[in-house]
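**Q** Okay, here's the prediction I keep looking at, along with the sequence it came from:
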Amino acid sequence: MDTVSFDTIDKIRLHIDRIEKRFVLLADRKKWLQLTAALDVLEDSSWAVVYYIESDYPSDVRGKYLFTYGLLQALFLQQDAVKSINEALFDKSVDIKQNYPRAHLVREMRNDVSGHPTTRNGGKEFIYLSQHSMEKDSFEYMKEIPENSEPLFIPVDVFATIEENAKYVNAVLENTKDELDKEFREYIDAHRGREMKKIFSTLHYAREKVVLNSPLKAQMYENTKTMVSKCKDEIIQRFGSLKSADSYYYLFEDIDKIYSLIDTGLNLIPQTIRSDIEKYLIEVLFINLEKLEQYSIETDEYFNSIGE
């Protein structure tokens, strides 16, 4: 039996957990909360449906009501959740009545039986769930309309209803995943051509000149600051902000502190040990710069690996 695809839900979660995507989504907290709540509700309600399918249907009529009402509510939650996911991600609403008429009938049946049975359609219809008809795979309900002399009896195939709802939810989820896949490919292509490792093409030359107190020491030292600045710009361009990329952010913090100590802190240190402290700080600086270079290489490898 077809049920909602947990695999597709997981793939959508992977997309929204991408650094750059999360940065964009968190800019609108309301939409972020709507999206994450909807994904949780969709997953939870889908597990409820699976439990219904796999479990024995109660023989006690009290349990029958709980199972039947609970299933119908879970199906309703699935529909609302997948609609909210699209609204939060794309500002698009799913017209279930127009585009998925069979799923709309499922929604209408739920509204009859467990949504508004005592005031259906503004109090124009009244619903009675037939107790003796309740089975795991089917039930029947009666609809009374005051103006009609005869009631309407409506049979429900439970498993067909579950499958129809799953087809609708999976179709919307698949479209959502495809849209996110396309968006991700475009994002990767937009940045793939700029190799971050090229920012550090002269790093090892700079280290040699700075560590050995070459006449080019001051120039090469300033060049390393330019490398860091360019790297920061690249991270912001790719991921939205420095804080979005945790590993880079904390490394940049360490590097900036070292620059500050070398540029201003050394003057506060006694002359007798200043030279030794400077050598130590420069060594630590280049260790961190080489780490930054390695991060950049790994970022290049990630961007180049997508789509291969």
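**A** Noted; the coordinates are in hand. Just so we're clear, the structure is a prediction, and the values are computed from it rather than from any experiment.
**Q** Return the set of buried residues in the helix or strand encompassing Glu164.
**A** Using DSSP states H and E, Glu164 falls within helix 158-192. The neighbour-count check on helix 158-192 (16 or more other Cβ atoms under 10 Å) flags 158, 161-166, 168-170, 172-173, 176-177, 179-180, 183-184, 187, 191 as buried. Glycine gets a C-beta too; all of them are placed from N, C-alpha and C.
**Q** One more: stretch 22-39?
**A** 22-23, 25, 31-32, 34-35, 38-39.
**Q** Could I get the full set of strands for this structure?
**A** Per DSSP state E, the chain carries strands over the ranges 126-129, 138-144, 152-157.
**Q** Dump these to a markdown table, plus mean neighbour count.
**A** What follows is the strands of the chain, written out as a markdown table (neighbours: other Cβ atoms under 10 Å):
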| stretch | mean neighbour count |
| --- | --- |
| strand 126-129 | 18 |
| strand 138-144 | 17 |
| strand 152-157 | 14 |
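**Q** To Phe239, which of those strands lies closest?
**A** strand 152-157 (49.6 Å; Cβ to Cβ).
**Q** From the contact counts, what lies against that closest one?
**A** strand 138-144 (3 or more Cβ pairs under 8 Å, 6 or more residues apart in numbering; DSSP states H and E).
**Q** and the strand it packs on, how far out from the chain's middle?
**A** 40 Å (Cα atoms, centre = their mean, to the nearest Å).
**Q** What strands line up against it, and which way round?
**A** strand 126-129 (antiparallel), strand 152-157 (antiparallel) (DSSP bridges).
**Q** I'd like those laid out as TSV, including distance to Ser214.
**A** Shown next, in TSV, are the strands paired with strand 138-144 (distance: least, Cβ to Cβ, whole Å):
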stretch	distance to Ser214
strand 126-129	88
strand 152-157	84
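**Q** and Ser244, which of the strands of the chain is closest to it?
**A** strand 152-157 (48.7 Å).
**Q** what does that closest one contact?
**A** Applying Cβ atoms under 8 Å, 6 or more residues apart in numbering, the contact partners of strand 152-157 are 109, 112-113, 130, 137-145.
**Q** Now the two most distant members of those residues.
**A** It's Asp137 and Ile145 that sit farthest apart of those, by Cβ to Cβ, at 27.9 Å.
**Q** coming back round to it: so which elements touch the helix holding Glu164?
**A** By 3+ Cβ pairs under 8 Å, 6+ apart, helix 158-192 packs against helix 6-16, helix 19-26, helix 29-54, helix 61-90, helix 101-110, helix 271-305.
**Q** would a markdown table of the ones you listed with mean pLDDT and distance to Lys209 be doable?
**A** Shown next, in a markdown table, are those (pLDDT from 0 to 100; distance: least, Cβ to Cβ, whole Å):
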| stretch | mean pLDDT | distance to Lys209 |
| --- | --- | --- |
| helix 6-16 | 97 | 44 |
| helix 19-26 | 94 | 35 |
| helix 29-54 | 98 | 48 |
| helix 61-90 | 97 | 50 |
| helix 101-110 | 96 | 69 |
| helix 271-305 | 94 | 11 |
